[in-house]
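Asks: Need coordinates for the following:
(chains A and B)
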Number of protein chains: 2
Amino acid sequence: MASEAGEVILQLFVIFVAAKLLGGIGSRFGVPSVVGEILAGVVLANTVMGDMLHLSSDLEFLEILSELGVIFLIFTVGLETPFTEMKRVGTDSTIVAILGVIVPFGVGFGIMWALGYQTIEGLFIGAALVATSVGITARVLADMGVLSRTESRIILGAAVIDDVLGLMVLTLVEAIGGGGSIHPLTILTLMAQSLIFVGLLMFFGGRLVNRLVTDKNPLAERWEWTSGQGPIFSIAIVACLGLAALASSIGLAAIIGAFLAGMAFAATPQRHDLVERFEGLVQFLVPFFFGYIGLQVDLGEALSVWPLALGVTLAALLTKVVGCGVGALRLGKKAATAIGIGMMPRGEVGIIVALIGLSLNVISNALFSVVVVMSLLTTLVTPPLLVWAFKRLPGMSDGGSTS
Amino acid sequence: MASEAGEVILQLFVIFVAAKLLGGIGSRFGVPSVVGEILAGVVLANTVMGDMLHLSSDLEFLEILSELGVIFLIFTVGLETPFTEMKRVGTDSTIVAILGVIVPFGVGFGIMWALGYQTIEGLFIGAALVATSVGITARVLADMGVLSRTESRIILGAAVIDDVLGLMVLTLVEAIGGGGSIHPLTILTLMAQSLIFVGLLMFFGGRLVNRLVTDKNPLAERWEWTSGQGPIFSIAIVACLGLAALASSIGLAAIIGAFLAGMAFAATPQRHDLVERFEGLVQFLVPFFFGYIGLQVDLGEALSVWPLALGVTLAALLTKVVGCGVGALRLGKKAATAIGIGMMPRGEVGIIVALIGLSLNVISNALFSVVVVMSLLTTLVTPPLLVWAFKRLPGMSDGGSTS
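Replies: Numbers count the residues shown, from 1 in each chain, chains lettered A, B, ... in the order given. So this is what the prediction gives:
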């Protein structure tokens, strides 16, 4: 019998095929496959195919699949990131994150102010430049097989801290944009709450998980969660979704929760089993994440705002490279450059900030489009630059895979 | 930053946890875990928790996840079903399917006629009794590890033919309900089209896939579909989604396409690799399929129509057991009973038929509820009966897993 979901399956089929095809073509020409996957979304959104299939960036189920894709992607990245390693790079990550927040915010605000825009517009553009979207960087680093390098770990740690700081900036700017004032205590509470969330998980998450899943305390075995295939996968899914939802509910990105969940399982003996079990899930869902980013590009709209968009994009790229790079200079210029480039993509996070500005009526549709273009361009240019920057690092062979 | 999808992640978290918990509790008491998963949906839909989380059967993303879950589940069942085996049971499957369509349709129509309902109402109830929803049976058989038994293969083959026949019945009934007449050629075209679809895939799908993925014609290797992890998984996803969409577009159930896609890969050397790669996907998505079935139960509504609903449900159960069982009597009474029970669940397919009747204004809301109750009860009672019936078969040890 005909399924009501038939059209949706066709849409998913087309997006998956387009993403895999363009990803494959890209990687044959030395472009990271993730760029091809995003471009597949751009092509579908801006040609007659998208209209025929009723594809749009408004499709809720696509947003959900895309969100699940990046959540599981970042969870598996967390699986390869033991807490002891993160502790080692903690100071570097913190400095990188702080400078990577201050410089983009200041420069973004400064540019808008110099161009004669209103203060609140400058504040929102500054805030949109703050937040790194670590999904694309994580995917490229995973594809290159360099997640265990110090530079990668500094980027991942800095992305977590960046998200906490970005939440503070956004809360402040949102309060100002809403015309109200905000009590310093509110900001402090928010800050404390997210630091406690991150801190508790980092320090105790791994121990808790180990108690749950090891033989000494075999909750897993006493309680038959699943039918014969071992409960660890279900426990991992529960932890991943639960912490993603919790992170989201206190204002952090859902992927921060997923990353911390992954880290908590990084020291379990079943880690390799989990990596394998998540592989199919990640391979199926992740193309929808990148395809969905591409689907949000309206080329006509993008062209109509190009001068300012290009300027803001350049500022977005340079301020992260310089800000984060300076924070990591201790490790040498090449490592600092690689880290700065890894922090460049704004992805969906910049767009969320601009959406809030739009909903508060403090930024125009044109400025919103500028942020969208900036978010997507920073996301598109990062993969090739990141591959280049990591290949220059000491200890990297030139023959590494580029996709 | 807060994700817009935060609430959805929380909803998915709660459904997944509830399904795994009730599934686990069930299997401790000898009830197949899939029953617990459906009951989790019933509990969530009928308690304050569902209201708090805004859970309802209208959630589109949940329908999509559920559909993807059953598509991938049936694909992996197809992976364990080589074409040569299906050919062996072809005649038995066909007889089982034909009797399993005629008896339920006739009895369903007869009961309604005897109770004084209108002809068109009788036709729709009869049509709703026709279509087997093979998802739950496949899951139980897979959990028991008996997919390779002859009885299982007859059930799977009969479910495919049943769906083709069900499409004919529904098309006829729909035309009558719409007040128009239908040209015999239309029905013949539809029938030819679905038989060609099924036939071509059965006979040539495997050969085509083998040409695509084996070393002799390494399209896979010449074309770098994916980044290093081997392209077969991507090709399988493309085939699975593509054939599911195609089946859906010609009026068959999407899972029929997915099953045939799985069968086409069943003879490839990479079959085991695929089974593993799909495992995580299936384990994550399938609880949403069964949870979603449960979410559609409105206990209040069900109670209001219980006398007729119970009668129709009993008819639904008995007519499939008797009709399909008689068709399989050649294999002995125990095997015939097992096959008849395996064909009992109507699941979402019965509900789709009733929805069409509702949209044509030829059946009442009360009759619609009757069909919903029938679909869910047939789905709920099947797993324990199926476990019992398969354990009685020759060659089965008594110590087998029950979940």
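
Asks: And A:Gly230, what's its pLDDT?
Replies: Listed pLDDT for A:Gly230 reads 60.

Asks: do A:Ile182 as well
Replies: A:Ile182 is assigned 74 on the pLDDT scale.

Asks: what do you get for A:Ser33?
Replies: 84.

Asks: what's the closest non-adjacent residue to it?
Replies: By the measure of C-beta to C-beta, 6 or more residues apart in numbering or on different chains, the closest residue to A:Ser33 outside its immediate chain neighbours is A:Gly23, 3.6 Å from it. Where C-beta positions appear, they are placed from N, C-alpha and C, glycine not excepted.

Asks: That neighbour: which element?
Replies: According to DSSP states H and E, A:Gly23 maps onto helix A:6-28.

Asks: Against which helices or strands is whichever helix or strand comes after that helix packed?
Replies: Next helix or strand after helix A:6-28 toward the C-terminus (DSSP H and E): helix A:33-46. The helices and strands touching helix A:33-46, judged by 3 or more C-beta pairs under 8 Å, 6 or more residues apart in numbering or on different chains; DSSP states H and E, are helix A:6-28, helix A:135-144, helix A:271-295, helix A:299-304, helix A:365-391.

Asks: can you do 10 Å?
Replies: Using 3 or more C-beta pairs under 10 Å, 6 or more residues apart in numbering or on different chains; DSSP states H and E as the contact definition, the elements that helix A:33-46 packs against are helix A:6-28, helix A:48-52, helix A:135-144, helix A:271-295, helix A:299-304, helix A:365-391.

Asks: Could you export these as TSV, including mean pLDDT and mean neighbour count?
Replies: Shown next, in TSV, are the helices and strands packed on helix A:33-46 (pLDDT from 0 to 100; neighbours: other C-beta atoms under 10 Å in any protein chain shown):
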stretch	mean pLDDT	mean neighbour count
helix A:6-28	91	22
helix A:48-52	83	12
helix A:135-144	91	25
helix A:271-295	90	24
helix A:299-304	84	13
helix A:365-391	91	22
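
Asks: quick one, the helix holding A:Gly23 and helix A:271-295 angle?
Replies: Put simply, helix A:6-28 runs at 100 degrees to helix A:271-295, going by axes from the mean of the first three to the mean of the last three C-alpha atoms, to 10 degrees.

Asks: Show me what helix A:6-28 is packed against.
Replies: helix A:33-46, helix A:48-52, helix A:60-79, helix A:271-295, helix B:60-79, helix B:232-249, helix B:254-265.

Asks: could you check whether the last one is close to chain A?
Replies: Yes. Under the criterion of C-beta under 10 Å from any C-beta of the partner chain, helix B:254-265 makes contact with chain A via B:254-258.

Asks: quick one: that helix to helix B:232-249, angle?
Replies: Using the same axes, to 10 degrees: helix B:254-265 against helix B:232-249 is 140 degrees.

Asks: what about A:Ala236, distance to A:Leu53?
Replies: The spacing between A:Ala236 and A:Leu53, counted by C-beta to C-beta, to the nearest Å, is 34 Å.

Asks: Quick check: residues of the stretch 51-200 of chain A near chain B?
Replies: A:59-68, A:70-72, A:127, A:130-131, A:133, A:139, A:142-145, A:163, A:166-167, A:169-171.

Asks: hmm, back to that, off-centre distance for the helix holding A:Gly23?
Replies: The chain centre lies 21 Å from the centre of helix A:6-28; the measure is C-alpha atoms, centre = their mean, to the nearest Å.

Asks: got the CA coordinates for that helix in PDB?
Replies: The C-alpha trace of helix A:6-28 is given here as PDB (Å, rounded to 0.1, in the frame of the first residue of the first chain):
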ATOM      1  CA  GLY A   6       6.600   8.200   0.100                       C
ATOM      2  CA  GLU A   7       7.500  11.700  -1.000                       C
ATOM      3  CA  VAL A   8       9.800  12.200   2.000                       C
ATOM      4  CA  ILE A   9      11.700   9.000   1.200                       C
ATOM      5  CA  LEU A  10      12.200  10.300  -2.400                       C
ATOM      6  CA  GLN A  11      13.400  13.600  -1.000                       C
ATOM      7  CA  LEU A  12      15.900  11.800   1.300                       C
ATOM      8  CA  PHE A  13      17.000   9.600  -1.600                       C
ATOM      9  CA  VAL A  14      17.700  12.600  -3.800                       C
ATOM     10  CA  ILE A  15      19.600  14.500  -1.100                       C
ATOM     11  CA  PHE A  16      21.700  11.400  -0.200                       C
ATOM     12  CA  VAL A  17      22.500  10.600  -3.900                       C
ATOM     13  CA  ALA A  18      23.400  14.300  -4.700                       C
ATOM     14  CA  ALA A  19      25.600  14.600  -1.600                       C
ATOM     15  CA  LYS A  20      27.400  11.400  -2.200                       C
ATOM     16  CA  LEU A  21      27.900  12.200  -5.900                       C
ATOM     17  CA  LEU A  22      29.200  15.700  -5.500                       C
ATOM     18  CA  GLY A  23      31.200  14.600  -2.500                       C
ATOM     19  CA  GLY A  24      32.700  11.900  -4.600                       C
ATOM     20  CA  ILE A  25      33.400  14.200  -7.600                       C
ATOM     21  CA  GLY A  26      35.000  16.700  -5.200                       C
ATOM     22  CA  SER A  27      37.300  14.200  -3.600                       C
ATOM     23  CA  ARG A  28      38.500  13.100  -7.000                       C
END
